[in-house]
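Colleague: model this:
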Amino acid sequence: MDEIADIVREIGRQQGENSYYRACYDYLKQLQDSVSQAFDDLCQFYQEATFNPSCDSWPAHQVAERLRWSVYKLGEQETKAQLALVELYSLKNGV
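Modeller: All right, here's what the predicted structure looks like:
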């Protein structure tokens, strides 16, 4: 009977890990999308600035700020996911 309980606990732990890594993968994909969007926006800004040298650099600053904010928010989400995983381990180990 103890073997079955151990197997069930191990399955629960594995599901928790899988959930964490799935979340991290989703965050990575979101980061990839944010970087791609920032790249496209900066390329467009560069092309506009090439044809209009008096163009303001403010849009480039906005792109950088949006990317910085995305990285910050994704980092927060990853930290929350990691804390949930640590909590799961604590509960599983009776700590």
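
Colleague: Which other helices and strands does whichever helix in the chain runs longest contact?
Modeller: Counting by DSSP state H, the longest helix found in the chain is helix 2-51. With contacts taken as 3 or more Cβ pairs under 8 Å, 6 or more residues apart in numbering; DSSP states H and E, helix 2-51 sits against helix 58-93. Bear in mind the C-beta positions are built from the backbone N, C-alpha and C, glycine included.

Colleague: for the helix it packs on, which positions count as buried?
Modeller: Residues of helix 58-93 classed as buried: A60, V63, L67, S70, L74, E78, A81, L85, L88 (neighbour count, 16 or more other Cβ atoms under 10 Å).

Colleague: any idea how far the residue positioned nearest the centre of the chain lies from Y46?
Modeller: Central residue of the chain (Cα atoms, centre = their mean): Y27, 2.7 Å from the mean position. Y27 is 28 Å from Y46, where distance means Cβ to Cβ, to the nearest Å.

Colleague: Give me the distance from stretch 15-34 to the chain's centre.
Modeller: Mean-position distance between stretch 15-34 and its chain equals 6 Å (Cα atoms, centre = their mean, to the nearest Å).

Colleague: for stretch 53-63, same thing?
Modeller: That offset, for stretch 53-63, works out to 27 Å (Cα atoms, centre = their mean).

Colleague: and the end-to-end length of that stretch?
Modeller: Stretch 53-63 stretches 19 Å from its first residue to its last (Cα to Cα, to the nearest Å).

Colleague: That concludes my questions; thank you for your assistance.
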